[in-house]
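K.L.:
Sequence below, structure please.
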Amino acid sequence: MTGSREEPLEYKDLTGLTTGQLHLLTVLAGKEVGAVVRPGGRLPVIGLFGSVVLVVALMRRNLVQAVAGSMFGCSQPTVSRRWDLLRPVIAKVCARFVPDPTEVTGRRGTALVDGTVCPTWDWAAIPDLFSGKTHFAGMNIQIMANLDGEVAAIGPVPVHGARHDACAFDASGLKALLEHLVNKVADLGYTGVDGIQIVPFKRSGGKELDDSQVTSQGRLVS
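P.N.:
Presented below is the predicted three-dimensional model:
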């Protein structure tokens, strides 16, 4: 697949996946949808493999559909149809590869929780997208990682960007995913959330941190 370019597209740069991983994803998607056009129809402008690469690139790079169409040698309406067809299929077939959070946290069993706001258009029809923290419109995505920084879980429900992390943690579904984990650590944005240990610890009323707080904080920072 070359799209409208003379040189092949760099799959890894666009999607974060190797060519082998993309071929596997195409096989799995093909078992769900068959082909991208109806039997007996005209040859597609972009086949199943190219369509999978296209949709993953859209998800990975947040490309404008018209720009993606130019890159892959197809029209914006074709990009839109492939997006609607394959996005839920890709989510379905990849679900089997998502490990349980406890597998990623390992023997130390500590979950680091934080949120990030992914930029979107500021749609007038959707309230509360604008984040005062980041100063742009977006959706708050809640993420959990282990102490080595490896992603272990992502909240399945994006939350409007104006929502604080303490609210988004529950609303995103991440709280439910991590109920069985005892050690959950986050920054001051999660102050007041039950079951989460706040690091750095916040001194209150002029009191110093106790020995356990100092030890725990030093271990997580080091």
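
K.L.:
Every contact and neighbour count from this point should use C-alpha atoms.
P.N.:
Fine.

K.L.:
what about stretch 34-43, start to end distance?
P.N.:
14 Å (CA to CA, to the nearest Å).

K.L.:
got a list of what the closest residue to Glu150 other than its chain neighbours touches?
P.N.:
Using CA to CA, 6 or more residues apart in numbering and skipping the chain neighbours, the partner closest in space to Glu150 is Val104 (7.4 Å). For Val104, the contacting residues are 145-146, 150-152, by CA atoms under 8 Å, 6 or more residues apart in numbering.

K.L.:
how far is stretch 164-184 from where the chain is centred?
P.N.:
Chain-centre distance of stretch 164-184: 15 Å, with CA atoms, centre = their mean, to the nearest Å.

K.L.:
one step back: can you flag the buried ones in the contacts of Val104?
P.N.:
Among the contacts of Val104, the ones that count as buried by 16 or more other CA atoms under 10 Å are 145-146, 151-152.

K.L.:
Next, name the residue at the spatial heart of this protein.
P.N.:
Ile154 (6.5 Å; CA atoms, centre = their mean).

K.L.:
The nearest residue to that one once chain neighbours are set aside and Cys94: what is the separation?
P.N.:
Nearest residue to Ile154 in three dimensions, chain neighbours excluded: Ile143, at 4.6 Å (CA to CA, 6+ apart). For Ile143, the distance to Cys94 (CA to CA) stands at 18 Å.

K.L.:
Compare the two (neighbour count), which wins?
P.N.:
It is Ile143, of Ile143 and Cys94, that has more neighbours when counted by other CA atoms under 10 Å, with 20 against 12.

K.L.:
Report the secondary structure state of that one.
P.N.:
What DSSP: H, G, I helix; E, B strand; the rest coil gives for Ile143 is strand.

K.L.:
what sits against it?
P.N.:
113-116, 151-155, 174.

K.L.:
By neighbours, which of those residues wins?
P.N.:
Val113 (26 neighbours).

K.L.:
next SSE after the helix or strand harbouring Asp84?
P.N.:
Assigned by DSSP states H and E, Asp84 falls within helix 76-94. Next helix or strand after helix 76-94 toward the C-terminus (DSSP H and E): helix 101-105.

K.L.:
Now that next one: buried residues?
P.N.:
Within helix 101-105, the residues that qualify as buried by neighbour count (16+ other CA under 10 Å) are 101-102, 104-105.
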